Each structure stands twice: as structure tokens, then as C-alpha cells.
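A.B. asks: Turn this into a model:
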Amino acid sequence: LKLLGEFGMSGPASLVAAAAISPPFNLIAGSLKLLRPPGLWYSRRFLLTLFAKVRAKRDLLEQLIDVDRALTARTLVEFDEHGTAPLNGFSSANDYYRRTSCGPFLTANRRPTLIIRAQDDPLMSSDDIHVETSAKSPALIGLFPRRGGHVGFAAAGGGLRFWAEEQAASFLAHHLDC
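C.D. replies: Predicted structure coming up:
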């Protein structure tokens, strides 16, 4: 979504339409949500996967970040402060969150874009959902159901179906004339 906003109508002509499921409009607000349950549980589990990746690439990363500080992070914010941010040229975790959040770029997007995000997403603040922005923009179609969690959106009925993926596929097929 950030890239689409940066593009406006420029960018590759082959980029006809887009769909985003559970996008983080405001990474600062999201990072604060990950400091409390249930986000804290998720962030601790996710940290374990990040630690494994850092350990596997330790020799390469030691030249770029303070690996020991990254590996002692107790939260994702701490990991981003000592790992993600410096590795990607940001001065801090907050600088990284501020400069990479997509919310400020939504109004500049001119490509048809479907945005699906549940109001009960346990990993993101419901305060940052851009209902008004999507309603005002002719390019944005916002679906913000009360329930759905974080990218879950399991559909009712027979078999295992995923509502968000069905919506995205239908939207993209319509815009791609499939």
C-alpha cells in the first residue's frame, strides 16, 4: 500500500490493481499493541523465529548490527530497535515504523485497491483503520468487518474456505478481466 501511494499513477503499467489483507496502517500503534496480550504472545513466538534467523546468519550480520543486543530483545520493538532498524538504514525502531507505515500514503494511491482488515485484529490497533480515507478515495475499496482476527477470516459453510482470499481473488479477477 505504501508503494502504491508512492507510485500514484506512475510505476509499472502492468500493476493494474492490488489487494491488501490485514495491512499495518500505523506501525507505531501496532508495535504498542504487541506489548500487551494477546499481541505479546504472538510477538514472543515471532521473536523465536527471528532469533533463529539471526543465529543462522550471525557471521554476515555481525558486520551490520549488534547481534548480541538483537538476540537479547524481549519484545519485537527491542528487536526492531537493535536489528531491523539498523539493518535497513533507519535510526531507530520508531523511525522505521514512521517511515514504513502505509497509512499516510493511502490517499495518493490511484490504482484500484481492495483493503481488508478486521476490527478485532489482535496485532493491530483498531484506531488506525482508515474507514474514512477508503470511503473518500475512488481507488480504495475498504472492507473492515468486526471479526476476522489477523488474516484469519475463515468462511462459514462446508469445507475449509477463507473469506478474505475469496474477496481478493474476485476483486483482482474483475480488474484483470480474468
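A.B. asks: burial measure for the residue nearest to residue 22 when sequence neighbours are not counted, as a count.
C.D. replies: Once flanking residues are discounted, residue 22 sits nearest to residue 151: 4.6 Å by C-beta to C-beta, 6 or more residues apart in numbering. Where C-beta positions appear, they are placed from N, C-alpha and C, glycine not excepted. Around residue 151 sit 15 other residues, with neighbours defined as other C-beta atoms under 10 Å.
A.B. asks: Ok, the one 3 residues further on next?
C.D. replies: Applying other C-beta under 10 Å, we find 12 other residues in the vicinity of residue 154.
A.B. asks: so who does it touch?
C.D. replies: Applying C-beta atoms under 8 Å, 6 or more residues apart in numbering to residue 154 gives the contacts 160, 161, 162, 163.
A.B. asks: Okay, the third one and residue 149: tell me how far apart.
C.D. replies: What it means is residue 162. 12 Å (C-beta to C-beta, to the nearest Å).
A.B. asks: just to revisit the earlier point, most neighbours of all the contacts of residue 154, which one?
C.D. replies: residue 163 (17 neighbours).
A.B. asks: What segments of this protein are helices?
C.D. replies: 2-7, 27-33, 39-56, 58-61, 67-71, 76-79, 85-87, 93-100, 131-136, 163-175 (DSSP state H).
A.B. asks: which of those helices is buried the deepest?
C.D. replies: Highest mean neighbour count among those (mean count of other C-beta atoms under 10 Å): helix 76-79, with a mean of 20.
A.B. asks: so how far is that one off the chain centroid?
C.D. replies: Its chain's C-alpha centre and that of helix 76-79 lie 16 Å apart, by C-alpha atoms, centre = their mean, to the nearest Å.
A.B. asks: same deal with stretch 19-39?
C.D. replies: 7 Å.
A.B. asks: so where is this structure shaky, pLDDT-wise?
C.D. replies: Low-confidence segments of the chain (pLDDT under 70): 155-159, 178.
A.B. asks: Now do the contacts for the residue nearest to residue 22.
C.D. replies: Contacts of residue 151 (C-beta under 8 Å, 6+ apart): 21, 22, 164.
A.B. asks: Could you report the neighbour count for the residue lying closest to residue 42 once chain neighbours are set aside?
C.D. replies: In space, and not counting its chain neighbours, residue 42 is closest to residue 123: 5.9 Å by C-beta to C-beta, 6+ apart. Using other C-beta under 10 Å, residue 123 has 19 neighbouring residues.
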